[in-house]
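Student: attaching a predicted model along with its sequence, questions to come.
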Amino acid sequence: MPGVRRADARAALALTAVLLQAACRTPAATLPDARDLAHAERLEARLVETFEPPSGDALRVRLAFGAGADLDLYVTDPRTTETVYFAMARTRGGGRLLRDARCADEAPRSDAVVYDHPAPGVYRIGVDYHRACERPARSQVFVVEAAQGGRVERVRGFLRPGEQRVAFLRFAVGAARAPAAR
């Protein structure tokens, strides 16, 4: 697949930036360590090996995470600004929650959202640390994947207990360009 090396480099840079930002405001005990980074690599490999291109012009977003927490995926479409997530499984914009993994589900876990006929524009993809599945609660690594029309983006990140990233990734559909995520 063209651009995989560039995407890997971008993902590594993005994760490094996230880690550096977190290091400035997070106690060392809650930062991801080498085991967490290796786990993120395994999660991403799992997404790659289970990847099936979305049909037609559909947009599919997946979140992969481990056994330590119940993370939740949020996808907001640009037309209706409604958000698909565990409490709103369908939106007027055509978004559908396909899977919402919870603590009782086998790890690695994944959540998935699809828009069969996505409106053009920038989709905001967020991740929420809903609850810890293991004690003590600790930071969790995850990977978000967005795919549409032959384009795939995978980005690694991590969340501390109770944290939410509202605009972790912005994915452009159609002629729109995605601004940098906050």
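Tutor: Cool, got the structure.

Student: C-alpha only now, for contacts and for neighbours.
Tutor: Fine.

Student: quick check: which element contains the residue nearest the centre of the chain?
Tutor: Nearest to the geometric centre of the chain sits V144, at 2.5 Å (Cα atoms, centre = their mean). Take DSSP states H and E as the rule and V144 turns out to sit in strand 140-148.

Student: cool, R46 as well?
Tutor: Per DSSP H and E: helix 34-49 holds R46.

Student: contact partners of that helix?
Tutor: A64, F65, G66, P108, Q140, V141, F142, V143, E145, R154, R156 (Cα atoms under 8 Å, 6 or more residues apart in numbering).

Student: give me the buried subset of the residues you listed.
Tutor: Buried subset of the contacts of helix 34-49 (neighbour count, 16 or more other Cα atoms under 10 Å): A64, F65, G66, Q140, V141, F142, V143, E145, R154, R156.

Student: which residues touch the fifth one?
Tutor: If you count contacts by Cα under 8 Å, 6+ apart, V141 has them with P32, D36, L37, H39, A40, F65, G66, R156, G157, F158, L159.

Student: ok, 7 Å please
Tutor: V141 is in contact with D36, A40, F65, G157, F158, L159, counting by Cα atoms under 7 Å, 6 or more residues apart in numbering.

Student: okay, the first one and G66: tell me how far apart.
Tutor: Read it as D36. Look at D36 and G66: by Cα to Cα, to the nearest Å, they are 10 Å apart.

Student: next one: the fourth one
Tutor: G157 sits at a distance of 12 Å from G66 (criterion: Cα to Cα).

Student: likewise the second one?
Tutor: Look at A40 and G66: by Cα to Cα, they are 9 Å apart.

Student: with that, I have no additional questions.
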